[in-house]
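Visitor: Kindly return the folded structure for what I paste below:
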Amino acid sequence: MKSADSRPAPGVDGVLQQSIHDIDIPPRPKIIDQIHAEMNSDAPNLRGIAGLINQDVSLAAGLIKTANSPYFGFGRRARSAHEALAILGLDVTCRAIATISLRRAFPNRAHYERFWHASASIATLSGWLAQLLCVPDVRADDAYTYGLFRDCGIVILLRRYPAYRGILAGANLDRDSPFTAVEQAALPTDHTVVGSLLAQNWWLPGEICAAIRHHHSLPALVESVSPLKMPGRQLVAIAQTAEYLLQQITGGSRTEEWAKLGPACRDLLRLDDATLEAIRRDAEPLLRGVE
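Guide: Numbering: from 1, shown residues only. Sure thing, here's the model as predicted:
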């Protein structure tokens with residue numbers, strides 16, 4: 001019999017699954033597995049997938065709404081889940097269902113609702129900014145998905161650790177330390193690690209997972225050797241700018257992150273003061289339609 005010390009180290013999948021269990025990360029929705037199975041088949045059955053989606057009325061409605069979003073700019077409007085699936089394709093449909101399912105995975109409580117509304121606002125502004133600025137290699141639907149999932153680790157930690165609300169408040173107000181360093185001083189993890197674990201487990205694209213993991217890291221944005229490729233850096237910059245615009249327009253959820261990361265984000269997106277102010281004015285009416 002082998003000793004405990006001689007056992008092979010667990011694989012990446014095993015470590016991921018154990019971390020998911022320990023932190024209580026919501027399980028991947030079954031429909032995502034079913035879509036992935038179709039994506040890997042020689043002849044994907046779109047009508048069968050649409051039938052599965054139609055079994056959940058709110059999921060079908062959400063998918064149709066996504067397909068008809070101005071981020072895609074298709075000439076025709078989807079009137080059914082099957083039409084939405086045909087317009088979006090399996091890959092984007094999988095991410096759209098993940099975004100719809102994310103909010104449903106958490107209890108309907110007031111502080112969660114405020115968080116989700118802020119996340120939806122950041123996601124909406126992110127998709128819009130990706131289009132407006134014509135950011136190379138960043139699609140509007142990717143920017144929207146990233147904006148919604150970027151801080152999902154926060155709600156997981158709020159549910160897992162009763163003291164996290166106070167830790168979060170301290171991280172928001174800290175002018176000197178990296179946001180994640182404040183979290184790690186009090187917890188065995190931080191929200192970027194947890195959020196990237198969920199995104200990885202829910203099979204979001206690797207660039208989005210990496211951007212979630214490093215979105216509070218200034219070195220990841222500015223250093224030549226970085227865990228983020230340029231599209232990932234641009235995703236971070238877009239969402240951070242979206243959060244800044246949201247704070248400027250609403251006056252809520254003040255943090256010190258723009259002071260820490262704003263200059264790097266502006267450089268990545270080539271934003272001067274006049275352009276940023278013009279964007280702020282144009283963003284105000286967009287936020288009124290966020291649910």
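Visitor: buried ones in stretch 159-175?
Guide: Buried residues in stretch 159-175, counted by 16 or more other Cβ atoms under 10 Å: 159-161, 164, 167-168, 171, 174. C-beta: built from backbone N, CA, C; applies to glycine.
Visitor: now those as JSON lines including pLDDT, secondary structure and distance to I49?
Guide: Output for these, formatted as JSON lines (pLDDT from 0 to 100; DSSP: H, G, I helix; E, B strand; the rest coil; distance: Cβ to Cβ, whole Å):
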{"residue": "R159", "pLDDT": "87", "secondary structure": "helix", "distance to I49": "31"}
{"residue": "R160", "pLDDT": "88", "secondary structure": "helix", "distance to I49": "33"}
{"residue": "Y161", "pLDDT": "89", "secondary structure": "coil", "distance to I49": "37"}
{"residue": "Y164", "pLDDT": "94", "secondary structure": "helix", "distance to I49": "37"}
{"residue": "I167", "pLDDT": "96", "secondary structure": "helix", "distance to I49": "41"}
{"residue": "L168", "pLDDT": "94", "secondary structure": "helix", "distance to I49": "38"}
{"residue": "A171", "pLDDT": "95", "secondary structure": "helix", "distance to I49": "40"}
{"residue": "D174", "pLDDT": "94", "secondary structure": "coil", "distance to I49": "45"}
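Visitor: between those residues, which is nearest R213?
Guide: Using Cβ to Cβ, A171 comes nearest to R213 of those, at 16.3 Å.
Visitor: so how far is A81 from the closest one?
Guide: 40 Å (Cβ to Cβ, to the nearest Å).
Visitor: Over to A37?
Guide: Distance of A37 to A81, given as Cβ to Cβ: 18 Å.
Visitor: Same question for R104.
Guide: Separation of R104 from A81 (Cβ to Cβ): 17 Å.
Visitor: what about the two, which has more around it?
Guide: A81 (27 against 13; other Cβ atoms under 10 Å).
Visitor: D151 against D190, yeah?
Guide: No: D151 is not in contact with D190 according to Cβ atoms under 8 Å; the separation is 11.2 Å.
Visitor: Which of those two has more residues huddled nearby?
Guide: Between D151 and D190, counted using other Cβ under 10 Å, D190 has the larger neighbour count: 24 against 19.
Visitor: Quick one: residues contacting that one.
Guide: For D190, the contacting residues are 153, 179-180, 183-184, by Cβ atoms under 8 Å, 6 or more residues apart in numbering.
Visitor: P227 too?
Guide: Counting by Cβ under 8 Å, 6+ apart, P227 has contacts 210, 213-214, 220.
Visitor: Likewise for V222?
Guide: 264, 267.
Visitor: mind running it again at 6 Å?
Guide: The contact partners of V222, taken as Cβ atoms under 6 Å, 6 or more residues apart in numbering, are A264.
Visitor: The spatially closest residue to G289 that is not a sequence neighbour: neighbour count?
Guide: Closest residue in space to G289, ignoring its immediate chain neighbours: T124 at 7.8 Å, by Cβ to Cβ, 6 or more residues apart in numbering. Other residues lying near T124 total 24 when counted by other Cβ under 10 Å.
Visitor: other SSEs contacting the helix or strand hosting T124?
Guide: Assigned by DSSP states H and E, T124 belongs to helix 110-132. Under the contact definition 3 or more Cβ pairs under 6 Å, 6 or more residues apart in numbering; DSSP states H and E, helix 110-132 sits against helix 140-149, helix 230-250, helix 273-287.
Visitor: Neighbours of R254, how many?
Guide: For R254, the neighbour count with other Cβ under 10 Å is 10.
Visitor: who's in contact with it?
Guide: Per Cβ under 6 Å, 6+ apart, neighbours of R254: Q247.
Visitor: does it sit in a helix, a strand or a coil?
Guide: Secondary structure state of R254, per DSSP: H, G, I helix; E, B strand; the rest coil, is coil.
Visitor: And C134, by the same measure?
Guide: coil.
Visitor: burial count for it?
Guide: Count around C134 with other Cβ under 10 Å applied: 7.
Visitor: I'd like the contacts of P227 as JSON lines, with neighbour count and distance to D91 appended.
Guide: Output for the contacts of P227, formatted as JSON lines (neighbours: other Cβ atoms under 10 Å; distance: Cβ to Cβ, whole Å):
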{"residue": "A210", "neighbour count": "23", "distance to D91": "18"}
{"residue": "R213", "neighbour count": "24", "distance to D91": "21"}
{"residue": "H214", "neighbour count": "21", "distance to D91": "23"}
{"residue": "A220", "neighbour count": "21", "distance to D91": "25"}
